[in-house]
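# model this:
(chains A, B, C, D, E and F, ligands or ions: 3)
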Amino acid sequence: MNSGDTAFMLIATAMVMIMTPGLALFYGGMVRSKNVLSTLLQSFICLAVVTIIWVLYGYSLAFGTDVGGLIGGLDFLLLRGVGAETMEGGTIPHLVFCAFQLMFAVITPALITGAFAERIKFSAFLLFTILWTTLVYLPICHWVWGQGWISSHGGLDFAGGTVIHINSGAAALVAALLIGKRKGWGKESLHPHNLPMTLLGAGILWFGWFGFNAGSALAADGIAATAFMTTQVAAGCGALAWLMAEWFYQGRPTILGAASGAIAGLVAITPAAGYVSPASAILIGLAGGMLCYFAVLVKNKLGYDDALDVVGIHGVGGLWGALATGLFASLAVNPGGADGLFFGNAKLLLIQAVDAGATIVYSLIMSFIILKGLDLLIGLRVDSDDEVQGLDLSQHSEIGYTL
Amino acid sequence: MNSGDTAFMLIATAMVMIMTPGLALFYGGMVRSKNVLSTLLQSFICLAVVTIIWVLYGYSLAFGTDVGGLIGGLDFLLLRGVGAETMEGGTIPHLVFCAFQLMFAVITPALITGAFAERIKFSAFLLFTILWTTLVYLPICHWVWGQGWISSHGGLDFAGGTVIHINSGAAALVAALLIGKRKGWGKESLHPHNLPMTLLGAGILWFGWFGFNAGSALAADGIAATAFMTTQVAAGCGALAWLMAEWFYQGRPTILGAASGAIAGLVAITPAAGYVSPASAILIGLAGGMLCYFAVLVKNKLGYDDALDVVGIHGVGGLWGALATGLFASLAVNPGGADGLFFGNAKLLLIQAVDAGATIVYSLIMSFIILKGLDLLIGLRVDSDDEVQGLDLSQHSEIGYTL
Amino acid sequence: MNSGDTAFMLIATAMVMIMTPGLALFYGGMVRSKNVLSTLLQSFICLAVVTIIWVLYGYSLAFGTDVGGLIGGLDFLLLRGVGAETMEGGTIPHLVFCAFQLMFAVITPALITGAFAERIKFSAFLLFTILWTTLVYLPICHWVWGQGWISSHGGLDFAGGTVIHINSGAAALVAALLIGKRKGWGKESLHPHNLPMTLLGAGILWFGWFGFNAGSALAADGIAATAFMTTQVAAGCGALAWLMAEWFYQGRPTILGAASGAIAGLVAITPAAGYVSPASAILIGLAGGMLCYFAVLVKNKLGYDDALDVVGIHGVGGLWGALATGLFASLAVNPGGADGLFFGNAKLLLIQAVDAGATIVYSLIMSFIILKGLDLLIGLRVDSDDEVQGLDLSQHSEIGYTL
Amino acid sequence: MQKIEAIIKPFKLDAVKDALREIGISGMTLSEVKGYGRQKGHTEIYRGAEYNVDFIPKIKLELVVNNSQTDLVVETITKAAYTGKIGDGKIFVMTVYEVIRVRTGEKGADAI
Amino acid sequence: MQKIEAIIKPFKLDAVKDALREIGISGMTLSEVKGYGRQKGHTEIYRGAEYNVDFIPKIKLELVVNNSQTDLVVETITKAAYTGKIGDGKIFVMTVYEVIRVRTGEKGADAI
Amino acid sequence: MQKIEAIIKPFKLDAVKDALREIGISGMTLSEVKGYGRQKGHTEIYRGAEYNVDFIPKIKLELVVNNSQTDLVVETITKAAYTGKIGDGKIFVMTVYEVIRVRTGEKGADAI
Ligand SMILES: Nc1ncnc2c1ncn2[C@@H]1O[C@H](COP(=O)(O)OP(=O)(O)O)[C@@H](O)[C@H]1O
Ligand SMILES: Nc1ncnc2c1ncn2[C@@H]1O[C@H](COP(=O)(O)OP(=O)(O)O)[C@@H](O)[C@H]1O
Ligand SMILES: Nc1ncnc2c1ncn2[C@@H]1O[C@H](COP(=O)(O)OP(=O)(O)O)[C@@H](O)[C@H]1O
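Ligands and ions are numbered 1, 2, ... in the order given. Have a look, this model is predicted:
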């Protein structure tokens, strides 16, 4: 066991954990004040629900002995055999790896909540989270990181662009379409009730993302250093790109734009973080910020109500990141990676596209089945009066503020 | 010196430090808006007052050479001899241990402030904090962690269930009874003014608690890994248990319930964190969340005004944790610990009960003496007009918000 | 490479990063609600702008091969040659050092924003930040830390008292004088709109400052431990000193005072952190809190409108810290440092004064040139109607809250 | 001249404003108020304690108009604010003796 | 019909509401206002600067009632809002010409 | 007695309050309102979508005075609130039949 690596991974895990409350704030500030608590809770409770799933069977299905390239075995049920001793071939306790991966599993369904914010029933949301984590997240996580079929054919996903961002973006698209637009969409203003809260959330996410990306090196080494720097660079470039784009196209640079752009940049660099140089990260970040800005504009045109832009930021940003990894990855940066198109290897781009495509298709279909099923069984959406009153009172009998 | 362990403990110490501002927010969101600043300040200023005490004489009384099993000697006054060199038998600089322990001393009196929130004089609060830290915290800390009488008879308290939670819970009970109910209690609504702030506080506390519990291993090793994972599991289970209990009994799952349950789970796992398996942590967390939920309900029946439920959460949760350690501790998990009742050793449970009992009795009595004395000398409570106006204006000439 | 040191520095870097969002909140809570977003954004966007500068040419100008003691060479443009391998003579990857230093460069211009808050044009602010970072920060950073003329003559600046605090304080003075008072100054109340936000910011700053100061040891060792403890002590003492001073002079201890005092204490200890004992840190912190309190009072008398007291806290606190290092530094604490006046070496005090003086003069002059130039070219200040409406709407078409 | 005060449901504000604009009403003042009446309030739950909140968020519109317009305005608001459920609100009509426009000093009907 | 406007201390709201309910008043509208009068404001301190704030938080109640009820309502509020200290507030009585209930279109006394 | 309601620009509040104090007016109540009129609102932008906000923050002052004071008060407010730009606001004057001071039970002019 290496105490430096272990120290790093323990703290990195805590940093990824606080991303979920950070996300709660990021999203919470963007809804109307009558829905702030429900939005916060939908992220926060993932810390409870997914943790329990993970201990019971989640880690096992994701990282247990591979079964046909599709799913993990039952060897780690209740974390049996996952202990304080070092992992095979690693330098950190097995439990640290398990905890680190848990935090990824927690935040992924939390990301989706942005799509159906302000109108979903809490009961339906809870069941969705349980089913989606089990039937969508765990298999895809196994494919990519748990010796599943994707892991073995050479695709690169440093910190989860596919498993987390593309995956949640695809699910979000289905969710937004199935649950329908918020009442008042296009008529009333549905604008953010507390942008300082959103900025605080963005700050916490940015901070935690260092644990997410650099931590994905699983060691306090040079790869972690590279991932750390590229993360910072892409976040900054994403923020600036979005800000400048809206300054140019709409005449005003906004704070929500800067915060959204930072997240877009962070999403985009996620799969590439440990494989590209800081100079490449500039381009990945700038393009990430710009692409997501346009993706959000397009949504307003297309007219589906992805309330907090999960598709536009995580879906599109994640997809760009996956492909960008196929462009900018370089063996000079990380000998354990591969060269991308710009370094003479066109094949990587293809693999990246296939992996992303497979994830999208699987996630779209399974998310549709789960959400449709729940809608028929118990209904996804609160009734109209409850929506007008707000989810905080109608679902939780609480109000956010009494100032 | 081990740089990995030192790295881990330095960061863990910073993480415990930020728990106090986190607690400030957790509490601050729960009071009425006219008292938000006073509540925030009562936690925040502990970072100042207790730090100074600690350097002057606190660390010495807690960790100086033992005097009769009751208190430490004066060898470390002004931190003389506490330097950059490695501690005997340890792997980290002595000053790191000293700083880590300081953060525990800071948060303990801050926890108590929830009991007398919205009605205590700032001057009385300051004096109470100084006296209580000196006369209650330092001795008990010495007993348990500084070679005092409890440390030597085999009780287990991994990260401070007794010293911190049971202790502050007992003091809170005395404080709530002595200072009396808030004006308007049972008539007006005294509900939280800013639940997003409370959730943010809970998120920060959860994050910091990894430093608190895993850091109590004093090394970046397998025990820290175990403590980390059990912490996460118990927090999640506590949150879910409380949420489900109120959904069942009151028809609504609330966000304050989820946050409170997470804290209850964290409190419960604190003494057990490095001694039990993640599977046991599920039970400890679930029971912790449930027990604390009922303890809070009972308070509403009994009619004392422990404003922010320090007794119900820290007292009851801490007691449950101490006993649970006696049930679930296992040598298989931590060879440096002991087996609990469920692993064939009934004696541990008895020791745990005795230690908890001693702490409760000492804390109750001394807290009563201090608070009664202060009440007679300068009065604990602001006058009625000041209470109506709010402590922020009457004690601090400031207001929280001008939105 | 040392994995413990690397782990420590990676996390410390992330902690310094989150100081900038923390500063955003600290400042954001102090302005009127119509300017909260513009204030937040001015800090936040430094994370973008300065990061890009840093990668393009900033790191190179600061840390490239020295040219005449004044500036670094162009060897590290686009971070060429700054990679995952260990730095010469160090124990961490070169990129980690580069990232750590980047975070310092980010927060310095963000500090200045407090001086011209609530009235600067966003475009003027952006250009100022780019020019000031390039023409003021990078040279001074090179002088002190990059083998420039100050670095070689024996001055001590552990974590940036000169480079960051004195420097930004001097620039802030120029900015406040050049841009003029806020409309309504002295007539309307310009008081803080959200003090809980300010306290949260202070908490995050305090937390991050451990990365800032202890991280400046560049290793997880005893020096880091010393810096950690002195940081905590000075912060606590600063908070208490300011609180007590205003209690004594104005009859009320305030929360803004406690938060401001903590920052004052942190600023004061910054240059001294790894060179002085915790006992000395008590005096540095107490005096820091008191001096800054009086500096702010004096500002109210002198009548320039340094809106959020950058001069009073960072300028005065930083100057005090630089001189205090000349008083309290001790070879017994850090053999790599020097003895100060109180340990028999008067010369150090002189050197400290000279270094501080040079920084002040250079920063005053260059900041004046940049700001005056921008004022003539595009105007620094929004027009009067926009100022009345608030910068959030007039500059960004957004509002902070809809509660 | 008369002052019309209308207490309406908040989510009807846009509809009412648009309807008024269509009949040429271009001046009004609104405030956030809380109403108490036949419409039931709600229950809040905090740490196991339940609070009944009787007061319900409403919007109050104030419009000063010429007497000749009153009936049309009242009718317009009544229609636009209508949902048919309890709590749709009330309209009150009062006399105003004088109206002054600050900017010009105009008085009476000209100032509206 | 008459409109009664009462400016009261915020912490007296529950007492006033309960007293009104007892005499059968079941409709009213309240808003948060700031009052200026004999009652002294307070001083705020920020970074060493002191601000005097003259305006004091108050609650404004508005009730439209039949003329016959006015005296009783005024008396009830006066009693329930009373503390005897400066700043207890004021009650103003005005005439209302018409009342309309949005939900039913009812007018006059029926609509109250 | 008469009630004067003045809708003014928020940043003019201090000037108006001081002017009123100078002519001996020592009682008033204010509230935050939103106005709609000739003055243009503003545009907000969120994630690329633009919202037009018509309502503009205003302060509403309410003062009950003796009839003899009305003209002076109106004039004083008109002057102090004046900027000459659109949106300076309106003043409305209404009759009040009765005023009661809660603390003393005084009525009429004595209670103002
Ligand atoms: N007598 C009254 N005086 C003042 N406001 C009233 C009065 N009666 C009702 N209101 C206002 O009208 C709103 C709607 O009244 P309510 O009785 O709930 O329903 P409805 O309008 O359908 O009769 C109340 O919330 C309150 O704000
Ligand atoms: N002439 C007035 N017009 C409108 N409101 C008034 C007037 N005088 C007083 N008020 C309101 O009544 C409140 C109480 O008045 P104040 O003079 O402080 O005490 P008291 O009611 O005991 O005489 C004030 O805060 C203000 O809101
Ligand atoms: N007819 C009206 N009834 C009630 N309030 C009005 C009326 N007309 C204007 N107001 C109020 O007066 C404010 C100023 O009016 P506006 O037409 O913008 O400018 P001006 O006062 O210069 O004519 C509005 O924002 C609104 O609050």
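# going forward, measure contacts between C-alpha atoms and count neighbours the same way
Will do.
# next helix or strand past the helix or strand hosting residue D:69?
Using DSSP states H and E, residue D:69 falls within helix D:67-81. On the C-terminal side of helix D:67-81, the closest following helix or strand by DSSP H and E is strand D:90-95.
# show residues contacting that following strand.
D:1-8, D:74, E:95-102, E:111-112, F:94-95 (CA atoms under 8 Å, 6 or more residues apart in numbering or on different chains).
# any part of it near ligand 1?
Yes: against ligand 1, strand D:90-95 shows contacts by CA under 6 Å from any ligand atom at residue D:90.
# which ones are touching residue 60?
By default, I'm working from chain A. By CA under 8 Å, 6+ apart, residue A:60 lies in contact with A:54, A:72-77, A:79.
# could you do chain D instead?
D:5-8, D:30-33.
# closest one of these to chain B?
Lowest distance from chain B to the contacts of residue D:60 (CA to the nearest CA) belongs to residue D:32, with 14.7 Å.
# would you mind listing the buried residues in whatever helix or strand the closest one lives in?
According to DSSP H and E, residue D:32 maps onto strand D:28-36. Applying a neighbour-count criterion of 16 or more other CA atoms under 10 Å in any protein chain shown, one finds D:28-36 buried in strand D:28-36.
# stretch D:94-104 too?
For stretch D:94-104, the neighbour count (16+ other CA under 10 Å) marks D:94-96, D:98-103 as buried.
# ok, back up a step: restricted to buried residues, select the contacts of residue A:60 in ChimeraX.
Buried residues within the contacts of residue A:60, by 16+ other CA under 10 Å, are selected in ChimeraX with:
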select /A:54,72,73,74,75,76,77,79
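# residue A:249: neighbour count?
10 (other CA atoms under 10 Å in any protein chain shown).
# could you do residue A:130 as well?
So residue A:130, with other CA under 10 Å, has 15 neighbours.
# where do the helices sit along the stretch 51-200 of chain A?
Along the stretch 51-200 of chain A, counting by DSSP state H, counting those that start in this stretch, helices occupy A:59-63, A:94-112, A:122-132, A:138-145, A:167-179, A:195-215.
# export these to a markdown table and tack on distance to ligand 1?
Below are the helices of the stretch 51-200 of chain A laid out as a markdown table (distance: least, CA to the nearest ligand atom, whole Å):
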| stretch | distance to ligand 1 |
| --- | --- |
| helix A:59-63 | 53 |
| helix A:94-112 | 37 |
| helix A:122-132 | 28 |
| helix A:138-145 | 50 |
| helix A:167-179 | 31 |
| helix A:195-215 | 31 |
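# and whichever residue of the stretch 301-403 of chain A sits closest to ligand 1, how close does it get to chain F?
Ligand 1 sits closest to residue A:389 of the stretch 301-403 of chain A, with a gap of 14.5 Å, by CA to the nearest ligand atom. Using CA to the nearest CA, to the nearest Å, residue A:389 is found at 22 Å from chain F.
# closest to chain B out of the buried residues of stretch D:94-104?
Nearest to chain B among the buried residues of stretch D:94-104, with distances taken as CA to the nearest CA, is residue D:102, at 27.1 Å.
# what's the pLDDT at the closest one?
Looking at residue D:102, its pLDDT is 96.
# on that earlier part again, nearest spatial neighbour of the residue of the stretch 301-403 of chain A closest to ligand 1, chain-adjacent residues omitted?
Excluding its sequence neighbours, the residue lying closest to residue A:389 (CA to CA, 6 or more residues apart in numbering or on different chains) is residue A:34, at 7.3 Å.
# ditto for residue A:161
Using CA to CA, 6+ apart, the closest residue to residue A:161 is residue A:271 (4.6 Å).
# for that neighbour, what are phi and psi?
The phi and psi values for residue A:271, taken as degrees, to the nearest 10, are phi -70, psi -20.
# pretty sure it contacts residue A:159?
Yes: between residue A:271 and residue A:159 there is a contact at 5.2 Å, judged by CA atoms under 8 Å.
# please identify which of those two sits among more neighbours.
For residue A:271 versus residue A:159, the count of surrounding residues by other CA under 10 Å is larger for residue A:271: 31 against 25.
# the helix or strand of chain D with the lowest mean pLDDT near chain A at all?
Every helix and strand of chain D was ranked by mean pLDDT, DSSP states H and E. The lowest is strand D:49-53, at a mean of 90. No: Strand D:49-53 does not reach chain A (CA under 8 Å from any CA of the partner chain); its nearest approach is 9.1 Å.
# just the C-alpha atoms of that strand, please, in PDB.
What follows is strand D:49-53, C-alpha atoms only, in PDB (Å, rounded to 0.1, in the frame of the first residue of the first chain):
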ATOM      1  CA  ALA D  49     -43.900  19.400  14.200                       C
ATOM      2  CA  GLU D  50     -46.800  20.600  12.000                       C
ATOM      3  CA  TYR D  51     -47.700  24.200  11.400                       C
ATOM      4  CA  ASN D  52     -50.900  25.300   9.800                       C
ATOM      5  CA  VAL D  53     -50.400  28.300   7.600                       C
END
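# what's the angle between it and strand D:28-36?
Here strand D:49-53 runs at an angle of 130 degrees relative to strand D:28-36 (axes from the mean of the first three to the mean of the last three CA atoms, to 10 degrees).
# distance of residue A:40 from residue A:25?
Distance, residue A:40 to residue A:25, by CA to CA, to the nearest Å: 7 Å.
# between the two, tell me which one has more neighbours.
More neighbours surround residue A:25 than the other of residue A:40 and residue A:25, with 32 against 27 (other CA under 10 Å).
# tell me if the helix or strand where the more buried one lies is near chain F.
Per DSSP H and E: residue A:25 is located in helix A:3-28. No: judged by CA under 8 Å from any CA, helix A:3-28 stays clear of chain F, getting no closer than 13.1 Å.
# what's near enough to touch residue D:84?
With contact taken as CA under 8 Å, 6+ apart, residue D:84 is in contact with E:103-104.
# and the one 3 residues further on, by the same measure?
The contact partners of residue D:87, taken as CA under 8 Å, 6+ apart, are D:9, D:37-39, E:103.
# then residue A:132?
So residue A:132 contacts A:109, A:367, A:370 (CA under 8 Å, 6+ apart).
# and the pLDDT at it?
pLDDT for residue A:132: 98.
# just the one 3 residues further on next, same as before
In the predicted model, residue A:135 carries a pLDDT score of 98.
# that one - nearest residue in space that isn't next to it in sequence?
residue A:366 (7.4 Å).
# if I look at the one you found, how far off is residue A:161?
19 Å.
# can you count the residues close to the residue nearest to residue A:389?
Using other CA under 10 Å, residue A:34 is surrounded by 23 other residues.
# check which residues of the lengthiest helix in chain A are buried.
The longest helix of chain A (DSSP state H) is helix A:346-377. Across helix A:346-377, burial judged by 16+ other CA under 10 Å covers A:347-353, A:355-356, A:358-360, A:362-364, A:366-368, A:370-372, A:374.
# try stretch A:381-394
Quick answer for stretch A:381-394 (16+ other CA under 10 Å): A:381-382, A:386-388, A:390-394.
# which of those residues sit farthest apart?
Distance extremes for the buried residues of stretch A:381-394: the farthest pair is A:381 and A:393 at 15.0 Å, using CA to CA.
# what sits closest to the residue of chain D found nearest chain B if chain neighbours are left out?
Using CA to the nearest CA, the single residue of chain D nearest to chain B is residue D:48, 5.8 Å away. Closest residue to residue D:48 apart from its sequence neighbours, by CA to CA, 6+ apart: residue B:297 at 5.8 Å.
# got a pLDDT number for the one you found?
95.
# now it: which helix or strand?
helix B:278-302.
# in that helix, which residues are buried?
B:278-296, B:299-300.
# next one: stretch A:150-168
By neighbour count with 16+ other CA under 10 Å, stretch A:150-168 contains the buried residues A:150-151, A:155-168.
# off-centre distance for that stretch?
12 Å (CA atoms, centre = their mean, to the nearest Å).
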